[in-house]
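[1] attaching a predicted model along with its sequence, questions to come.
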Amino acid sequence: MHLGAMQDWSLRVTRFIDHAAREHGSREIVSRWADGTESRTTWAGIRHDAMRMAQKLAKLGIKPGDRVATLAMNHHRHLVTWYGAVGVGGVLHTINPRLFDDQLDYIANHAEDRVMLFDAVFAPIIERMKPRWKTIEHYICFDSSGPAEHFEDWIATEDGQGEWADGDERDPCMLCYTSGTTGNPKGVLYEHRSTVLHAMIGMTPPLFSVDCRTVMLPIVPMFHAASWGLPWAGAAAGAKFVYSAVNDPAVLAELMEREAVTTSAGVPTVWLGLLQHFDTAGKDIPESLKTVVCGGSAMPRAMIERLMRSGIRVSHAWGMTETSPIGTSSAETWNWDDLSFDEQVSIKAMQGRAPFGVELRCVDLGDYSKVLPRDGKTSGALQVRGPWVVKRYFKAEADATDADQWFDTGDVAVIHPDGTLQLTDRTKDVIKSGGEWISSVELENAAVGFPGVAEAAAIGVYHPRWDERPLLVVVKKPGAEVCQDALREHLAGHVAKWWLPDAVVFVDEIPHTGTGKISKKDLRDQFRDWKWSA
Ligand code: ADP
């Protein structure tokens, strides 16, 4: 018997779509398809289609907890699927089409997906993987041109007059795998409750700042890191969504302008492409754009400056699949208006502070039982906890560490006295030289600031005397000449002398992971037999 006397209203994600359809039913959802055509629907339309999809899934025998997979870009049919899959009580499993075949094989089999909904552009992947995917019984294509039943025809038999499956708020609703730079990908199984709490924080000003006047262009794919929770938070707010199924900067820029987009979210690479597009087209960033949320990897300072000079509010966020993914954001500080522009940019260039619901701490890299002070100097392994942080990976056995509740992010960071988080590296990537730590990220950041350097990666390579020493791997900009000594001199102006890389190698290409990050593991493999010259 509970002592409290308030109503029972479970925190289930279907509440979002009910609310959106009821209170913001006519707010538009725009989809721009790869072939240049567009569709327009509304939150009421999304709910109706999602209900039809849930009815259809129920007829196929999909039961609460069953996994429904997607392999698709951003568009309203994908959004319908998010709500349709959870509406039947199922678990939405968004798969990243950029993963390698072995990972795609592992993920869908490990998840035991029963239904696969996909875009026609990914038909070659489907054809290739079909014989390897053992549990998938039904294939549905989002486009009429695809090699499977068309989504619209598939749901057309249903009337949309059903009810959502009910259940506990701690039931799972979504499954996302990390790309797994080492070993097999790991699944993170989000719950209804965790997803609702996460979305409610996502709506607030330090994060996406969404309300019903927001026109949101989510560039972050719906297949990566739960699309930062936007499909849920946007419905709660009744925002208008503008989706593009292609990531071409010219298309995104045109959509931004035409639909008067106010808010957009994406990784730094996407913003680099967009800013380059505006420059070469001789255009300004559309005036309607007021907020840019950027995360997934560190935002370069020059990008922050450029956006802020155009009057845009930048929210530089840190997070990971394991944190749903919101961890921190570089929100304005209480004394924001008293700071100089440069000071403001410096704050935005760090990863920001934790919102309510996220706790952070750093522990000693050599002794995880030692919690480090928030002194802005001491770097350590970053740990987090909160209601939308993973407890254990999908299908992992419960063990003693569950009770501990602090999740090891694998990131290395410094926490400043005011709570600002500053990432300095990944635990696997820090370079240990003579018992001291060297931040590979700081070396890289300094290196890319040198003219002619397109991309740089620093890795630790075995050294007989120092254990490891940094090796800098550099890709030059097309046609550029880069002098090694001048580069080292430039680095010396940014990092401690003993951090300077013992050698610089120029390569044509640096390997990347399925989510576009530098693959240090591949790079370390590549240079495993590197010999330092005496
Ligand atoms: P993956 O599937 O590759 O694990 P995630 O999006 O979960 O994809 O990756 C999370 C990692 O990305 C974090 O642990 C951190 O190292 C990095 N990251 C995310 N946001 C930032 C940021 N703002 N600055 C620097 N690194 C970031």
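    Done, it's in. Numbering: from 1, shown residues only.

[2] around the ligand, pick out the residues from the stretch 351-500 of the chain.
    351, 409-411, 423, 426 (C-beta under 6 Å from any ligand atom). (C-beta placed from N, C-alpha, C; glycine too.)

[3] how about a cut-off of 5 Å?
    351, 411, 423 (C-beta under 5 Å from any ligand atom).

[4] beta partners for the last one?
    I take that to be Leu423. Ala413 (DSSP bridges).

[5] so it touches His316, yeah?
    No. Leu423 lies out of contact with His316 (C-beta atoms under 8 Å); the separation is 10.7 Å.

[6] neighbour count: these two, which is higher?
    His316 (23 against 20; other C-beta atoms under 10 Å).

[7] got the contact list for that one?
    The contact partners of His316, taken as C-beta atoms under 8 Å, 6 or more residues apart in numbering, are 294-295, 299, 304, 329-330, 348-352.

[8] let's see 6 Å
    Counting by C-beta atoms under 6 Å, 6 or more residues apart in numbering, His316 touches 294, 299, 330, 348.

[9] show the pLDDT at Ala534.
    Note for Ala534: predicted pLDDT of 68.

[10] try Thr181
    59.

[11] which residues of this structure lie near the ligand?
    By C-beta under 5 Å from any ligand atom, the residues of the chain that approach the ligand are 178-179, 225, 295-298, 318, 320-321, 351, 411, 423, 515.

[12] make it 8 Å
    Applying C-beta under 8 Å from any ligand atom, we find that the chain lies next to the ligand at 96, 177-181, 185, 224-225, 294-299, 316-323, 325, 327, 351, 409-411, 423, 426, 441, 513-515, 517.

[13] show me the contacts for the spatially most central residue of the chain.
    Central residue of the chain (C-alpha atoms, centre = their mean): Ala225, 4.4 Å from the mean position. Taking C-beta under 6 Å, 6+ apart, we find Ala225 in contact with 321, 325.

[14] need phi/psi at it.
    When read as degrees, to the nearest 10, the backbone of Ala225 gives phi 50, psi 50.

[15] do you know the pLDDT at it?
    Reported pLDDT for Ala225: 95.

[16] what's the answer for Met1, then?
    Met1 is assigned a predicted lDDT (pLDDT) of 69.

[17] and if you look at the one 4 residues further on?
    Predicted confidence (pLDDT) for Ala5: 93.

[18] what's the answer for the one 5 residues further on, then?
    At Ser10, the pLDDT value in this model is 96.

[19] next one: the nearest residue to it once chain neighbours are set aside from the ligand, what distance?
    Leaving aside its sequence neighbours, Ser10 sits nearest to Glu169 (C-beta to C-beta, 6 or more residues apart in numbering; 4.2 Å). Distance, Glu169 to the ligand, using C-beta to the nearest ligand atom, to the nearest Å: 24 Å.

[20] now swap in Glu442 and tell me
    Distance, Glu442 to the ligand, by C-beta to the nearest ligand atom: 12 Å.

[21] that residue: neighbour count?
    17.

[22] can you tell me the helix or strand for it?
    Taking DSSP states H and E as the definition, one finds Glu442 inside helix 440-448.

[23] got the contact list for that helix?
    Residues contacting helix 440-448 (C-beta under 6 Å, 6+ apart): 424-425, 429, 431, 453, 456, 458, 491, 494-495.

[24] for the residue in the stretch 1-150 of the chain positioned nearest to the ligand, give me its contacts.
    Relative to the ligand, the nearest point of the stretch 1-150 of the chain is Asn96 (7.7 Å; C-beta to the nearest ligand atom). Contact analysis of Asn96 by C-beta under 6 Å, 6+ apart lists 223-224, 514.

[25] mind listing what Leu197 touches?
    387-388.

[26] for it, grab phi and psi.
    Per degrees, to the nearest 10, the backbone of Leu197 is at phi -60, psi -40.

[27] returning to what we had before: name the member of the contacts of Asn96 with the most neighbours.
    Ranked by neighbour count (other C-beta under 10 Å), the contacts of Asn96 have Phe223 at the top, with 23 neighbours.

[28] check which residues of the lengthiest helix in the chain are buried.
    For the chain, the longest helix by residue count, based on DSSP state H, is helix 43-59. Residues of helix 43-59 classed as buried: 43-58 (neighbour count, 16 or more other C-beta atoms under 10 Å).

[29] excluding its backbone neighbours, what's nearest Lys296?
    Small correction: residue 296 is Gly, not Lys. Spatial nearest neighbour of Gly296, chain neighbours left out: Val267 (3.9 Å); criterion: C-beta to C-beta, 6+ apart.

[30] wait, I meant Pro147
    Ala123 (5.3 Å).

[31] isn't that neighbour right up against Ser145?
    No. Ala123 is beyond contact range of Ser145, at 9.0 Å (criterion: C-beta atoms under 6 Å).

[32] in terms of neighbours, single out the busier of the two.
    Applying other C-beta under 10 Å to Ala123 and Ser145 shows that Ala123 carries more neighbours, namely 18 against 10.

[33] mind checking the SS state of the more buried one?
    The three-state label given to Ala123 by DSSP: H, G, I helix; E, B strand; the rest coil is helix.
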